[in-house]
Every structure is written in C-alpha cells, then in structure tokens.
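In: predicted structure and sequence below. I'll ask about it afterward.
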Amino acid sequence: MALDEFGLIRRYFQRVPSAGTDTGAGAGVPVRLGIGDDAALLDLPPGESLAVTTDTLVAGRHFPLTATAFDIGWKALAVNLSDLAAMGSRPQGVTLALTLPEADPDWLAGLSAGFFTLADAEGVPLIGGDTTRGPLSLTVTALGSVPPALALRRDGARPGDLICVSGTLGDAGLGLALALDAVPAGVANAVTGLSAAARDHALARLHRPSPRLALGLALRGIATAAMDVSDGLLQDLGHLLAASAGTGGPLGARLQLEHLPLSSALTALAGSGDAGREQMLAWALAVGDDYELLFTLPPAAEKRLPALADALALPLACIGRVTEAPGLDLRWHGQVLDVALPGGYRHFS
C-alpha cells in the first residue's frame with residue numbers, strides 16, 4: 001500500500017519526541033515541541049540570538065542525477081550547517097521540506113540514512129518540515145543560536161587583515177568533473193593517473209562535505225569576518241569584501257595562490273604542467289561546493305592558527321591579505337597571475 005504524507009514522515013523522519021522532552025538539541029537546549037504539530041517550539045540559551053538559514057537543493061542543478069539517496073540526504077543538511085558554522089552559530093534544530101516525484105521506499109530509506117548520519121554526528125535534531133509531490137528537491141532550514149556580539153559576519157574585514165581558509169580547496173570541482181564524466185581534455189591523462197583513493201576522496205568531498213561547526217565556534221572573538229565557500233573562493237571573497245567596504249570605499253585583496261591548501265590530488269595536478277596548474281586553479285578558486293570556511297584575522301591572531309589547527313585536526317591556511325586598493329591581485333610565487341578563470345557558481349545562469 002502506498003504511503004501517505006503522514007506515514008512517510010513517521011516511517012522515515014520522525015525521531016524526535018513530539019512534546020515535553022528535552023532532546024539535548026545542540027547545547028542541551030530543549031525542543032519543547034517537535035514533529036507532529038503545526039510548528040516546533042525551541043528554547044534558546046539566555047542572551048543568545050536565533051540564527052536561521054535555508055537552502056534548496058534541486059535535482060540536476062545542485063546534485064547530479066546519479067547521486068545516491070544517502071549522499072543527497074547528507075548534503076542537504078551539510079550545506080545548511082555550513083552556513084551556521086560561518087556565523088559561529090551552534091545548531092539547535094533543522095526542518096526538511098521534501099518534494100518527491102514518487103514515494104519510493106528504498107530511496108527514502110537511503111535519504112533518511114544519509115540525513116541522520118550527519119545529524120546524529122553533529123547532535124542536530126530534525127524538528128519538522130513538509131512533504132509534497134513534484135520534481136525532486138529538498139529544502140532544509142537550520143536554526144542555531146549565538147551571542148549576538150560574537151556572531152561571525154561578512155562585514156568586519158579591514159585592510160591588513162589576513163585572509164584564511166580551512167581544509168582543502170578544489171576537490172569538489174574535481175569530484176563534479178568525475179561525477180559528470182566531464183574532465184577537461186587537457187588534464188584527462190593527469191586525472192586518469194590519480195589513484196582510486198584520490199578520485200574517491202574528490203567524489204566524497206562533492207557529495208558529503210563536512211560543515212566546519214567546531215571551527216566556527218572557535219573563531220568567535222578572533223575572526224573579523226567569515227563566510228563559507230559555496231560558490232567559489234574568488235566569488236565568495238568578493239562578497240565578503242563588498243560587505244566589509246566602509247566609508248573609505250571598496251576593499252580588495254592580494255592572494256598568494258601558491259599558499260592555497262590543496263589535497264594530494266590537486267597538488268599532483270598542479271605539478272603536471274601549465275594545463276594542470278590552470279585547471280587546479282579553476283577548481284580551487286572558482287567552482288565552489290567546497291563548504292570550507294573563508295575568514296579574515298587581524299595580523300596579531302596569525303600565531304594562534306597552528307594550535308587551533310592542531311586542536312581541530314583541520315588544516316588552516318593564510319593565503320593573502322585584505323587591501324585598501326579594490327580588486328583582486330592574484331599572484332603565483334610573486335608573479336601576477338594571467339589566466340582566465342570561470343566566474344564561480346551562478347544560481348540563475
């Protein structure tokens with residue numbers, strides 16, 4: 001017998017007690033009322049503000065049609081938690097609105113498994129949502145809390161600040177090319193020469209990004225500005241610089257691209273010749289989907305990065321500085337970079 005909406009929710013998504021129970025959401029804040037009513041009720045820690053973010057993932061646009069249900073469930077949650085991480089916010093709960101062409105039990109089991117594998121790892125409860133019939137898409141709204149004075153924002157960067165990123169960049173770009181069987185001809189041999197483990201790593205970074213929640217919390221009171229890298233490093237850095245522009249006018253940045261943090265696969269690609277280096281830069285700077293944190297620091301805070309990286313077991317790299325001169329000055333071992341790069345992800349292109 002076909003599942004109706006409420007049967008679907010009960011079977012695959014209703015895990016939080018519906019009322020009167022402290023579920024330990026995030027920092028132990030009670031979900032007073034969860035799935036099963038017209039709205040959820042959450043208590044926030046004293047003195048903290050609510051942080052809210054929403055992302056929609058559409059089949060064929062935000063994930064390949066060949067992606068597994070597990071990976072789709074994971075990524076739908078991960079991209080929203082990444083936004084909370086970029087605000088220095090602690091997640092307290094999420095909602096899921098799911099549009100399905102049909103209610104396939106095996107597919108739904110995989111989707112919920114991927115979603116809850118990440119949710120359980122991060123201690124985030126699903127507290128509500130909606131289901132309907134239509135072209136496949138998922139919309140997640142993530143709710144977090146943060147003391148307003150400690151919230152990380154895009155608008156605090158100042159000239160002289162260091163520009164830093166977490167993790168490695170460009171792996172999701174390589175993963176997307178592999179997933180779509182669209183590796184550029186100029187680097188096809190180099191990519192074919194990568195180990196199976198390196199290719200699997202790139203695909204995992206595309207399908208199962210890691211929201212940097214612990215880093216976001218650790219950067220409270222240290223970073224002057226932050227955002228996540230979703231649409232490509234250069235495009236997102238441009239957004240951060242535009243938000244931080246003040247009475248003195250636009251800001252710019254000088255980047256030393258040899259300091260980009262790269263996985264072994266992207267490092268190998270960069271060393272395979274001019275075409276390999278240019279493709280590495282395109283994936284690392286302009287493709288997006290990395291969901292690492294981009295943040296700025298006052299110069300005096302640089303000495304704190306090694307200990308923070310060790311504590312989080314996460315690479316943290318400084319790749320440039322904010323400048324008073326507008327525009328992006330891209331350097332490769334001191335030389336001005338002269339290479340055409342794609343413009344980053346565009347939602348309506």
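Out: Ah, there it is.
In: who's in contact with the most centrally placed residue in the chain?
Out: Nearest to the centroid of the C-alpha atoms of the chain, with distances taken as Cα atoms, centre = their mean, sits Y291, at 2.5 Å. Listed by Cβ atoms under 8 Å, 6 or more residues apart in numbering, the contact partners of Y291 are A78, V79, S82, A172, P209, S210, P211, R212, D228, V229, S230. In short, each C-beta sits where N, CA and C put it, glycine included.
In: do D83 as well
Out: D83 touches T53, D55, A142, D228, counting by Cβ under 8 Å, 6+ apart.
In: that one should be in a helix, yeah?
Out: Yes: under DSSP: H, G, I helix; E, B strand; the rest coil, D83 sits within a helix.
In: what's the neighbour count on the nearest residue in space to A301 that is not next to it in sequence?
Out: Leaving aside its chain neighbours, A301 sits nearest to I222 (5.5 Å; criterion: Cβ to Cβ, 6 or more residues apart in numbering). The number of residues packed near I222 is 17, by other Cβ atoms under 10 Å.
In: dihedrals phi and psi, I222?
Out: phi -120, psi -50 (degrees, to the nearest 10).
In: I'd guessed it sits against A300; true?
Out: No: I222 is beyond contact range of A300, at 10.2 Å (criterion: Cβ atoms under 8 Å).
In: tell me the buried residues in the host helix or strand of Q279?
Out: For Q279, the enclosing helix or strand under DSSP states H and E is helix 274-282. Going by neighbour count (16 or more other Cβ atoms under 10 Å), the buried part of helix 274-282 is A275, G276, R277, E278, Q279, M280, L281, A282.
In: from what I can see T224 touches R154, true?
Out: No: the pair T224 / R154 is not scored as a contact, 10.2 Å apart, by Cβ under 8 Å.
In: low-confidence regions, the stretch 1-150 of the chain specifically.
Out: Low-confidence segments of the stretch 1-150 of the chain (pLDDT under 70): 1-9, 12-13, 15-30.
In: ok, back up a step: what about the helix holding Q279, distance to the chain center?
Out: 23 Å (Cα atoms, centre = their mean, to the nearest Å).
In: and it, average pLDDT?
Out: Averaging pLDDT along helix 274-282 gives 94.
In: what do you get for stretch 313-332?
Out: The pLDDT scores in stretch 313-332 average 95.
In: next SSE after the host helix or strand of L215?
Out: Using DSSP H and E, L215 maps to helix 213-218. Sequence order places strand 225-228 as the next helix or strand after helix 213-218, per DSSP H and E.
In: what strands line up against that next one, and which way round?
Out: strand 293-297 (antiparallel) (DSSP bridges).
In: other residues contacting the strand it pairs with?
Out: Strand 293-297 is contacted from outside by 85-86, 152, 156-158, 161-166, 212, 215-216, 219, 222-229, 233, 236-237, 240, 244, 305, 318, 322, using Cβ under 8 Å, 6+ apart.
In: drop anything exposed from those residues.
Out: Burial by neighbour count, judged by 16+ other Cβ under 10 Å, picks out 85-86, 152, 156-157, 161-166, 212, 215-216, 219, 222-229, 233, 236-237, 240, 244, 305, 318, 322 from the contacts of strand 293-297.
In: can you list the domains in this protein?
Out: Listed by automatic domain parsing, the domain ranges of the chain are 5-18+48-150, 162-336.
In: closest to G34 out of those domains?
Out: Each of the domains of the chain was scored for nearness to G34 using Cβ to Cβ, and the closest is domain 5-18+48-150 (3.9 Å).
In: where's the closest residue to R254 other than its chain neighbours relative to L237, distance?
Out: In space, and not counting its chain neighbours, R254 is closest to D329: 4.2 Å by Cβ to Cβ, 6+ apart. Distance, D329 to L237, by Cβ to Cβ, to the nearest Å: 12 Å.
In: joint contacts of these two?
Out: In contact with both D329 and L237: A253, using Cβ under 8 Å, 6+ apart.
In: ok, which stretches of the stretch 101-250 of the chain are strands?
Out: In the stretch 101-250 of the chain, the strands defined using DSSP state E, counting those that start in this stretch lie at 126-133, 137-146, 162-166, 225-228.
In: among these, which is nearest P250?
Out: Set against P250 and scored by Cβ to Cβ, these come closest in strand 225-228, at 14.8 Å.
In: my guess is A309 contacts C318. True?
Out: No: the criterion here is Cβ under 8 Å, and A309 misses it with C318 at 11.1 Å.
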